[in-house]
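**Q** Provided below for reference: sequence and predicted model.
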Amino acid sequence: YLVAMAALYLAGKVEEQHLRIRDIINVSHRYLHPRSDPLELDTLFWELRDSVVQCELLMLRVLCFRVSFQHPHKYLLHYLLSLKHWMNRHSWERTPVAAAAWALLRDSYHGPLCLQHPPQHIAVTVLYLALQCYGVEVPADAEAERPWWQVFSEDLSKPVMDQIVLELIRVYTLDA
């Protein structure tokens, strides 16, 4: 559980939601030892605190100090709003494409997708997959010069999208 505590501590720093290391240690200790007394500020606590800090530094080195990245959420929101205006209102309201896209995006965080692909590519791909799942077609896509998804992300190709879809599907097989 040392790695989990260090990851929480580092994530709080990266996302500017600073968590006190003492709180992380106390909550973790309480979770793992529900019937024991709270930790005292003694040698055990300070050794555990030092271990969390050392593990945090190790994680930073393993990540090559690349800990900040753009989340695809803002892109997906923009793409959904744009696509909603392109689509037939009735077909948009009949199918839960937006809810499915948000669910797929949330699930994408169970794997390394957000570290391996640009956020725009992930956002377009989850939207593409949600549309495919419900059999919804974007109007005039067949007559267009380029596919609808390249309007949102010009550098995205179909093979890259297919790769992201495969990686996302792999996330669902992790629990099996």
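**A** Perfect, thanks for sending it. Numbers count the residues shown, from 1 in each chain.
**Q** buried sites along the lowest-mean-pLDDT helix or strand in the chain?
**A** Lowest by mean pLDDT, DSSP states H and E among the helices and strands of the chain is helix 89-94, with a mean of 83. Residues of helix 89-94 classed as buried by neighbour count (16 or more other Cβ atoms under 10 Å): residue 92. All C-beta atoms are positioned from the backbone trio N, CA, C, and that covers glycine.
**Q** Next, give phi and psi for the residue nearest the centre of the chain.
**A** Relative to the mean C-alpha position of the chain, the nearest C-alpha, by Cα atoms, centre = their mean, is the one of residue 109, at 3.1 Å. Here the main-chain torsion angles of residue 109 (degrees, to the nearest 10) amount to phi -80, psi -10.
**Q** What residues sit buried inside stretch 127-140?
**A** So for stretch 127-140, counting by 16+ other Cβ under 10 Å, buried means 127-131, 136, 138.
**Q** Low-confidence ranges, the protein, go.
**A** Low-confidence segments of the chain, defined by pLDDT under 70, span residues 175-176.
**Q** Is residue 143 within a helix or a strand, and which one?
**A** Assigning secondary structure by DSSP states H and E places residue 143 outside every helix and strand.
**Q** ok, so what distance separates it from residue 123?
**A** Distance of residue 143 to residue 123, computed by Cβ to Cβ, to the nearest Å: 25 Å.
**Q** between the two, who's got more neighbours?
**A** Here residue 143 and residue 123 are compared on neighbour count by other Cβ atoms under 10 Å; more neighbours surround residue 123, at 27 against 6.
**Q** quick revisit: can you name the two of the buried residues of stretch 127-140 that sit furthest apart?
**A** Comparing every pair within those by Cβ to Cβ identifies 129 and 138 as the most remote, at 13.5 Å.
**Q** Isn't residue 49 up against residue 25?
**A** Yes. Between residue 49 and residue 25 there is a contact at 6.3 Å, judged by Cβ atoms under 8 Å.
**Q** Next secondary structure after the longest helix anywhere in the chain?
**A** Among the segments of the chain that qualify as a helix by DSSP state H, the longest is helix 43-62. Helices and strands here follow DSSP H and E; after helix 43-62, the next one along the chain is helix 73-86.
**Q** by contact count, what packs against that following helix?
**A** When contacts are defined as 3 or more Cβ pairs under 8 Å, 6 or more residues apart in numbering; DSSP states H and E, helix 73-86 sits against helix 97-108, helix 119-134, helix 148-152.
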